[in-house]
Every structure is written in structure tokens, then in C-alpha cells.
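[1] I need the structure of the sequence given here:
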Amino acid sequence: MNAQNKIRLAPDLLDRFRAIVGPKGWTSDAETLAPHLREWRDLYTGSTPLLLKPASTEEVSAIVKLAAETKTRLVPQGGNTGLVGGGIPFDGNDEIILSLQRMNRVRALDPLNDTITVEAGCILQQVQQAAREAGRLFPLSIGSEGSCTIGGNLSTNAGGNAVLRYGNTRELALGLEVVLADGQVWNGLRGLRKDNTGYDLKDLFIGGEGTLGIITAAVMKLHPLPAAMATAFIAIPEPQAAIELLALGKAATGGQVTGCEMIPRIGLDFVLRHTPATADPIQGRHPWYLIMEFSSGRADGSIDATLEAVLAEGFEKGLVLDATIAQSEAQRAAFWKIREAMSGAQKPEGASIKTDIAVPVSQMPAFIARATRAVEDYLPGVRVVAFGHIGDGNIHFNPSQPEGWDREKFLDLWEPISDIIHAIAHEMQGTISAEHGVGRMKIDEIPRYKPAIEIEMMRRLKRVFDPDNILNPGKVVRP
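    Now for the predicted structure:
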């Protein structure tokens, strides 16, 4: 640590930060800090002398004003469920973590305007429940919804299982409240679908990972609560069948396909092996599976009939090998549990190199085939687990270590294997990060895939909004 950092984080300065939030709003206890200093995959760790837990926007503003005055670096953090190190400080012990988890109020719910106004620390599941109690649906749904926060979802533009029907988090946000890098508060909490009065400023902060400002509250869209869901677990011969079956489903429902998630047999094997209370929904072994879900505002059985008709047509065209339709909410939940367990089930199998690519939906089968072949040629014995949101063109293409390999030896190949996968995605007009973000992991990689003018525009925005680089430095883009 250099002399400047020692001065900036001197004990009296830390005391000034503590005074802003009071005795309940900070901790320096090593045991309490530990989960805030480690990314859940153990790829990134860091250090901090202080974790601040403000309880209001006013306290966040005061913290940022003091940070701006003293050039103290802040790392905003929500539920710490990110996958690219975006919420983890570096090892210099010169960054303060700013946790928004105490700011967890639902400020307002307007069912006639289909909006809910929530603070950034609200757990996603809490927002879903509040909407449901009002007879509405908040459709954002991801595996970490029991611990991730709305602020984190917005800062990373989280995707999830319902993007196909409802869009990413960006599409669900109408307005934001943001604390800027000088401590000023921008109140943009407007519940408007139309506002054509200039730049859409909120979109600068959504997906910005806290590098341009700190989101403290948001107005989010709600949707009608479906009266009926029809969900099938389908065995298919290949990824191309998933794309064609999706097209049949869209045509049959008028766009009411709520979910379309693909699972490879190896992924299903991992889940059945390592996740309690899971069972294979379909007898026999098949190369690929699809969870397809339709929703409807009418509980008259018509959506079930539509799904049955789509599956029947799929059988006739050779797109469906076998299928089972959920006959209860418990069975539906069991199908989705398999999908949600996919990430965790890879961990007991050893190291896994996570990638999060997107290509045009029509190109997904070709991408999976090319990338699988290329990775297997590079490392014979590697076990490719390619799964996820094929309906919106986003696949989690995760090579797992060959059986019997040393974990660290395999992780040493993270960069060359990722490079192979990312190069193919880029060549196919895709992206190297569809929903996980950039964070620490990809900050030096995206300049290879984005045009120089895009990187420079991002840098200009960073310099304008955060000229002293105090907000989550070293993430997303270097100023």
C-alpha cells in the first residue's frame, strides 16, 4: 500500500465514514466481512478495512460526498451473487465496500399503472412476492433470486429464465434513483412508459456495475399474473430441434412462450448425481432436453391444449423424441429445479470454465457444434456442458475438467479455452457476455471484441460521470 492510500484510509477518515451510518451501519469484523470479500466461485477475493451499510439514500449520498472529497474508492455491493468479480474489491485494502442490503423497502406499488417502486437492497424474491400479493407478476427470475438484490440486478442488467417473454432487467425498469460520484442524488423515479424529453439517462446506469453511479431505488414494470401455465420437459435429438420447436410454440401462442431452456444429457446427469430430491422426468437417455413453458391469462385449459398440439406437431416433424407435461405445480417446480441446479451441480464434478455467450438464435445450433468441436480438439476428455436460455440466444457454454484431472491444472487453461469459445461467438456476430457482465473478469478482454470507438465512448462516459475513478474502479472499463 502506498503512502497516499495510507493517508486516505487513515483511522480518522474511517471514523468519519462510520459516523455517517451510525453503529448499526458498518462493520470491520473479519468474520462478518469474509462473505463480502469472496465471489461464490472462489475466483476473486479482496480486502477492505470497512463495510458500510447505509439505511437511506441520504446516507449513501453523504458517504459518496465524503469519498469524493477524500478520493476514497467505493465498491457497491448487492447480494454478491455476481459471476465476474464486479462486486469484489481488490487486494490493496484501500477500497470500502458499500452494501445496499439495509435499503430494502418497497416504497410504492401501483397495480393500475403496473409498477412497483423498490429500494436497491430489496431481495428479488421479495419483489416477486410483493407483486404477487397485489395480483401482479414481476417476471425477472434467476437462480439466485433468494439472495440477489434489485440494485445488483439493475447494475448487471440481469437476464434469467423469462427474458424470452419479458426482456432483460433493462426492459423491466422505468425509472431510477441514483447517487452520482459527487454525492448528488438524481431522482428519476418516473413510472412512465413514454417520456421523449431527451437522453434516456437511466440506461447509462443499468448494466454499468456501479461504475457511473450507485442505484438506490427503481420503478419496475409489473405484468398481469398468469392464470395458467403449461410446462413440458421434452427430449429432443439436437439443438436445431429446440430452435424449430420454439418457432412452432411462438406461432401457436401468439408470442406467449414464457420459457425455453435447453439442457444437455451430461448436465442432467450432473444434476441427478449431486442435487437431492431430483429425478429424471423422462425414461431412457436422450442427447438433449428442453423445458418449454407457455402462459395464459385464462384458466380454461386452452394453454394446455396448445402445448399438447405443439408437441404433437413436433413428434410428427422429428423434433420431439419424448415429452412429459407437468400435471401439478409441484411437478412444474421439479422441472425448473433441474434447470436451476445446473450451475451448482457442476461444482462437485471439479473445475468448470464458465462462459456466457450470445449469438443470434438461428445461429445457436451451429455455435454449439463448432465450439464443442474446437474445445474437444484443444483438450481431449473435456466435458462440455452447454445449457440455458436458447430461446433468447444466450447459452452458458461451460467446459468441465476431464475426469481425473487436477482442478488447478484445468483452471490454468481458463484463458486459452475461453479465447476459443469467445472467438467463435464473435465471428458469429455474438457477444462474450450476455448477462453476467464485465466486472474484473472481462475488463481487458472486451477491447478485443468491441470496436475501438465503443470502448472510447465508454471511457468518456466514465470520465464525465466519475472523473476521479472512485466508483468501483477496475471494473467494466479502464478510464
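
[2] what residues go with each domain of the protein?
    3-102, 106-224, 228-343, 350-436 (automatic domain parsing).

[3] Can you get me the start-to-end distance on the second one?
    Just to be clear, that refers to domain 106-224. End-to-end distance for domain 106-224, by Cα to Cα, to the nearest Å: 19 Å.

[4] again, but for the last one
    Terminal residues of domain 350-436 lie 21 Å apart, using Cα to Cα.

[5] How far does that domain sit from its chain's centre?
    Centroid separation between domain 350-436 and its chain, computed with Cα atoms, centre = their mean, to the nearest Å, is 17 Å.

[6] Same question for stretch 164-175.
    Computed by Cα atoms, centre = their mean, the chain-centroid distance of stretch 164-175 equals 13 Å.

[7] Now do the buried residues in that stretch.
    Residues of stretch 164-175 classed as buried by neighbour count (16 or more other Cβ atoms under 10 Å): L164, R165, Y166, G167, N168, T169, L172, A173, L174, G175. Quick note: C-beta positions are derived from backbone N, CA and C, even for glycine.

[8] Leaving out the residues flanking it, which one is nearest to D114?
    Spatial nearest neighbour of D114, chain neighbours left out: L222 (4.3 Å); criterion: Cβ to Cβ, 6 or more residues apart in numbering.

[9] That neighbour: how many residues sit nearby?
    L222 has 23 neighbours, counted by other Cβ atoms under 10 Å.

[10] Check W26 too.
    By the criterion of other Cβ under 10 Å, W26 has 20 neighbours.

[11] check contacts around F270.
    M342, A345, Q346, P348, E349, V385 (Cβ atoms under 8 Å, 6 or more residues apart in numbering).

[12] Could you list the low-pLDDT ranges of the stretch 301-450 of the chain?
    By pLDDT under 70, the stretch 301-450 of the chain has no low-scoring segment.

[13] how about the helices in it?
    Assigned by DSSP state H, counting those that start in this stretch, the stretch 301-450 of the chain shows helices spanning 302-316, 329-340, 342-346, 364-378, 407-411, 414-427.

[14] Would you quantify the distance from P54 to L272?
    Distance, P54 to L272, by Cβ to Cβ, to the nearest Å: 44 Å.

[15] I misspoke; the intended subject was A173.
    Noted for A173: a distance of 37 Å to L272, by Cβ to Cβ.

[16] From S295, how far off is M342?
    Distance, M342 to S295, by Cβ to Cβ: 22 Å.

[17] Next: I63.
    I63 sits 42 Å away from S295, taking Cβ to Cβ as the criterion.

[18] what about C122, neighbour count?
    The local packing of C122 (other Cβ under 10 Å) involves 26 other residues.

[19] contacting residues around it?
    Contacts for C122 (Cβ under 8 Å, 6+ apart) come out as N104, R105, V106, T149, I150.

[20] got a pLDDT number for it?
    Note for C122: predicted pLDDT of 98.

[21] Would you list the phi and psi of it?
    In terms of degrees, to the nearest 10, the main-chain angles of C122 are phi -60, psi 130.

[22] repeat for L33
    Main-chain torsions, L33, degrees, to the nearest 10: phi -70, psi -30.

[23] Is L83 in contact with I142, as I believe?
    No: if you go by Cβ atoms under 8 Å, L83 and I142 don't touch, sitting 11.0 Å apart.

[24] higher neighbour count, those two?
    Each of L83 and I142 has its neighbours counted (other Cβ under 10 Å); L83 has more, 22 against 19.

[25] quick one on the thing from earlier: so for P467, which of the domains of the chain sits nearest?
    Proximity to P467 (Cβ to Cβ) singles out domain 106-224 among these, at 7.5 Å.

[26] how far does that closest one sit from the chain's center?
    Computed by Cα atoms, centre = their mean, the chain-centroid distance of domain 106-224 equals 13 Å.

[27] Same question for stretch 283-298.
    Chain-centre distance of stretch 283-298: 22 Å, with Cα atoms, centre = their mean.

[28] now swap in stretch 246-257 and tell me
    Centroid separation for stretch 246-257 versus its chain: 25 Å, with Cα atoms, centre = their mean.

[29] Residues in contact with that stretch: which ones?
    164-165, 260, 292-296, 303, 306-307, 309-310, 313-314, 319, 361, 390-391.

[30] T431: what's it in contact with?
    Counting by Cβ under 8 Å, 6+ apart, T431 touches I357, A358, A425, Y449.

[31] Apply 7 Å and report the result again.
    Going by Cβ atoms under 7 Å, 6 or more residues apart in numbering, T431 touches I357, A358, A425.

[32] Show me which of the residues you listed is closest to Q401.
    Among those, and counting by Cβ to Cβ, the member closest to Q401 is I357, at 19.8 Å.

[33] Against R383, how distant is the closest residue to that closest one other than its chain neighbours?
    The spatially closest residue to I357, leaving aside those adjacent along the chain, is A425, at 4.1 Å (Cβ to Cβ, 6+ apart). Going from A425 to R383 by Cβ to Cβ gives 20 Å.

[34] how much does the helix or strand K250 falls within deviate in direction from helix 302-316?
    Using DSSP states H and E, K250 sits in helix 239-253. For helix 239-253 against helix 302-316, the angle by axes from the mean of the first three to the mean of the last three Cα atoms, to 10 degrees is 140 degrees.

[35] how far off helix 329-340 does the next helix-or-strand element following helix 239-253 point, in degrees?
    Per DSSP H and E, helix 239-253 leads on to strand 257-264 as the next helix or strand towards the C-terminus. Strand 257-264 and helix 329-340 are oriented at 50 degrees to each other (the same axes, to 10 degrees).

[36] Just give the nearest non-adjacent residue to the residue positioned nearest the centre of the chain, would you?
    In the chain, the C-alpha closest to the average C-alpha coordinate belongs to A158, at a distance of 3.6 Å (Cα atoms, centre = their mean). With sequence-adjacent residues excluded and distances taken as Cβ to Cβ, 6+ apart, A158 is closest to T169, at 4.8 Å.

[37] Fine by me, thanks again.
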